[in-house]
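Novice: I would like to see how this sequence folds:
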Amino acid sequence: MAILGAQLVLTLVMVSVIQKFTPHFSFAKWVLCSTGLYRYLHPTDAELRTRAGVPKEKPTKSKGNHHKQSATEKSAPTFLVPRAVDIQLETAPVTPSDVVYLRYFTEYQWLLDFSLYAGSVYVISEIYHYYLPLKGEVNLSMVWCLLVVFFAFKLLTSLTVLYFQTDESIGERSMCIVAALVYLLVAMVVLIVDESMLETGLEDAYSSFNHSASRFLTEQGLPSSGPASKIVVKFFIALGCGILGALFTFPGLRMARMHWDSLKLCKENRMMQILLNISFILPFILVILWIRPISRNYLTVRVFEGMDKPLLQPEAFETIRLLLVVLTVLLRFALMPIYLQSYLNIAHDRIEDLRTEAGRITNLEYQKKVSSIFYYLCVVTLQFAAPLIICLFLTLMYKSLGGFSWTGLFFDNSLQGECPDEDPGKTAAQRIFEQIDGSGQGEDNQFNIMESAQNMQISWTSLKSVFTTEVFKGFLGFATWWSYFTLFATSSLGILYQSYFTKT
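Specialist: Predicted structure coming up:
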């Protein structure tokens, strides 16, 4: 109960920090405005007229059309300029006054800042629980992690729904549908792979959930052999995998384009190119770490010649897998300014491509080709950050609810959390109720309150027994692995697309 009280205090403190600190400092705004990003400014009408040799229109004076003329003068004039007009775009640093008007800026700022605060809550909770382990209490940091995952999914869904609301996005809409069906098929194939090949843990999770749920329903007077069959559970898992694959499709393709452009941007910096390639390949390494024959069996079971034990203990292998996830996310966020600058440079590339084309274009279309890149900066940033945030916080939930440890690489944690002075089968709330029973307070209302609290505690304990560590380990482990798989698969498809069209 003391641990739960400490968690509540931490939650209240973080809520207060969010309310007081966010108006003065925003990590999301700092990423865009304080990391050296610069944007390209579209040429003015006067500059286009001068470069293209288009004479300035003289206003016609007409007595009867005075009001109509005033309205026309206020509207933007339209004229044609050659596509190959020679114009050098000017640049300007990205400032806070520029980004506040961008599309999806509020959603982007909320997601990144809330993720930062939720991560802080998680780190503080992990340190606190390391010295004072949980004994039946709810880990409130998991609520924060769940909220972050929910908000990230919500934003990715809203970005994907945009393709279904306009008639101009027929290609994007079709790609989302095809991606969902393809990932649904791939997920069905993956779900029938034996556990000896792919370490999903779903078989143990289903067995534990089915047995615990059946026992819970029996205790509630509802005899049951299990809540759902295995085929139904796997079908809904595959359906969720297809939806996640559709949501990750365009973020993955965007990531591939930014990675391709970032390599060109850093062509003079060999070390930066190596870091960019490492950040791109790390999700693939995470994917193969769940393939048992080439990861767990190779590192924790096989004994090499000249050695008397495997390279790693199982606890160390789990810790390395968790730490590699954190490293992947931190590395990509550290390289985020380079990726975003490579996106902003698309405005310059568009103008360079126009110079190779014949014909003419209106001044408004010419300016829109430049200004639209910066206008969608926050949308692109969300596509970059939201999948990484989902992968990270799913892994954090997988670690905490699956019973893993951050220190398995350094020493054995098998004795961590033991409390020999107290009965480990009793929760803190139950021990407090026993103390109240022996305190001698015999008033009826206190006994009624105590009895109600005990009944509530027993019901909560019974319900919580349905979702065991094996259940969380299996379902969250598979969700974590699938998020890495879809992220790398869509990015790899984008790289193949970029390389093919670059060669042709």
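Novice: distance of the closest residue to residue 408 other than its chain neighbours relative to residue 406?
Specialist: Closest residue to residue 408 apart from its sequence neighbours, by C-beta to C-beta, 6 or more residues apart in numbering: residue 315 at 3.2 Å. All C-beta atoms are positioned from the backbone trio N, CA, C, and that covers glycine. Distance of residue 315 to residue 406, given as C-beta to C-beta, to the nearest Å: 10 Å.
Novice: ok so, going back, the residue nearest to residue 408: which element?
Specialist: In this structure, residue 315 sits in helix 314-334 according to DSSP states H and E.
Novice: any chance you could list what contacts that helix?
Specialist: With C-beta atoms under 8 Å, 6 or more residues apart in numbering as the test, helix 314-334 has contacts from 275, 278-279, 282-283, 285-286, 289, 295-296, 299-300, 312, 384-385, 388-389, 391-392, 395, 399, 404-409, 412-413, 480.
Novice: which one's more surrounded, residue 315 and residue 406?
Specialist: Shown here are residue 315 and residue 406; by other C-beta atoms under 10 Å, residue 315 has more neighbours (19 against 16).
Novice: so which bits of stretch 323-343 are buried?
Specialist: 324-325, 328-329, 331-333, 335-336, 338-343 (16 or more other C-beta atoms under 10 Å).
Novice: nearest to residue 159, out of those residues: which one, please.
Specialist: Among the buried residues of stretch 323-343, residue 343 lies closest to residue 159 (C-beta to C-beta), at 15.3 Å.
Novice: which regions of the protein lie under the pLDDT threshold?
Specialist: The model of the chain has pLDDT under 70 over residues 1-11, 13-19, 21-23, 57-76, 136, 216-217, 219-228, 409-464, 501-504.
Novice: redo that, cut-off 50
Specialist: In the predicted model, the chain carries pLDDT under 50 at residues 68-73, 414-439, 441-442, 504.
Novice: quick one, strands of it?
Specialist: With DSSP state E, the ranges of strands along the chain come out as 38-41, 80-82, 90-93, 360-362.
Novice: tabulate those strands (CSV), appending distance to residue 210 and mean neighbour count.
Specialist: Shown next, in CSV, are these (distance: least, C-beta to C-beta, whole Å; neighbours: other C-beta atoms under 10 Å):
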stretch, distance to residue 210, mean neighbour count
strand 38-41, 55, 18
strand 80-82, 69, 18
strand 90-93, 58, 12
strand 360-362, 64, 15
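Novice: nearest to residue 245, of those strands?
Specialist: strand 38-41 (32.4 Å).
Novice: what comes into contact with the closest one?
Specialist: With contacts defined as C-beta under 8 Å, 6+ apart, strand 38-41 is touched by 89-94, 98, 341, 344-345, 347-348, 370, 373-374, 377.
Novice: in the stretch 301-450 of the chain, which spans are helices?
Specialist: Assigned by DSSP state H, counting those that start in this stretch, the helices in the stretch 301-450 of the chain fall at 314-334, 336-344, 346-354, 363-375, 377-401, 428-437, 444-464.
Novice: just name the most buried of those helices.
Specialist: Comparing these by mean neighbour count (mean count of other C-beta atoms under 10 Å), helix 377-401 comes out on top with a mean of 24.
Novice: I'd like the distance from it to the chain centre, please.
Specialist: Chain-centre distance of helix 377-401: 2 Å, with C-alpha atoms, centre = their mean, to the nearest Å.
Novice: who's in contact with the nearest residue to residue 398 once chain neighbours are set aside?
Specialist: Nearest residue to residue 398 in three dimensions, chain neighbours excluded: residue 476, at 4.1 Å (C-beta to C-beta, 6+ apart). By C-beta under 8 Å, 6+ apart, the contact list for residue 476 reads 394, 397-398, 401-402.
Novice: could I get those as a markdown table with distance to residue 81?
Specialist: A markdown table is the format used below for the contacts of residue 476 (distance: C-beta to C-beta, whole Å):
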| residue | distance to residue 81 |
| --- | --- |
| 394 | 50 |
| 397 | 55 |
| 398 | 56 |
| 401 | 60 |
| 402 | 61 |
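Novice: between those, which sits nearest residue 103?
Specialist: Scanning the contacts of residue 476 for proximity to residue 103, where the rule is C-beta to C-beta, the winner is residue 394, at 27.3 Å.
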